[in-house]
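> What would the 3D arrangement of this be:
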Amino acid sequence: MEKQIVLALTIVLCHFALSSAIVGTATYYTDQITPSACYGYEDMGTMIAAASDVIWDNRTACGRNYRLTCTGPTINAGVSQPCTGASVVVKIVDYCPPGCRATFDLSQEAFSTIADLNAGKIEIDYVQV
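As a prediction, this is how the structure comes out:
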């Protein structure tokens, strides 16, 4: 009986975690010459991202971690199925200013973990972790 309760609870929690993901988009950048809006010239590794206005929240997004999962190509994607099947956790280190083409602008390394670079822009699900 106890195992059945644990199993039922696990299923409910997994369903809640999946249903709480937010839909967005991701692009990537290759140049890190300028200092980041959050950490200046401090090296924050390669699994990093710039946040668009959707999540920037007047700089409070700095340092937040998000798990992103590619869900498919955007309408104008260069690849019909860009997703690798993996997820990636990125830290917000910068701001993607107005006109940003996506919810997250990822480092090239982070983007390539979840999708083919040739896609350029992908649909994602994301959740703060």
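> Just list the residues touching the most centrally placed residue in the chain, thanks.
In the chain, the centroid-proximal residue (CA atoms, centre = their mean) is Leu68; its distance is 3.6 Å. With contacts defined as CB atoms under 8 Å, 6 or more residues apart in numbering, the neighbours of Leu68 are Ala26, Ser87, Val88, Val89, Val90, Phe104, Leu106, Ala110, Ile114, Ile124, Asp125, Tyr126. Glycine gets a C-beta too; all of them are placed from N, C-alpha and C.
> Who is it paired with across the strands?
Val88, Tyr126 (DSSP bridges).
> quick one: it and Thr34, what's the gap?
23 Å (CB to CB, to the nearest Å).
> low-confidence ranges in this structure?
Across the chain, the ranges flagged by pLDDT under 70 are 1-19, 33, 76-79.
> Show me the strands in it, by range?
22-29, 48-51, 65-73, 87-95, 104-107, 122-128 (DSSP state E).
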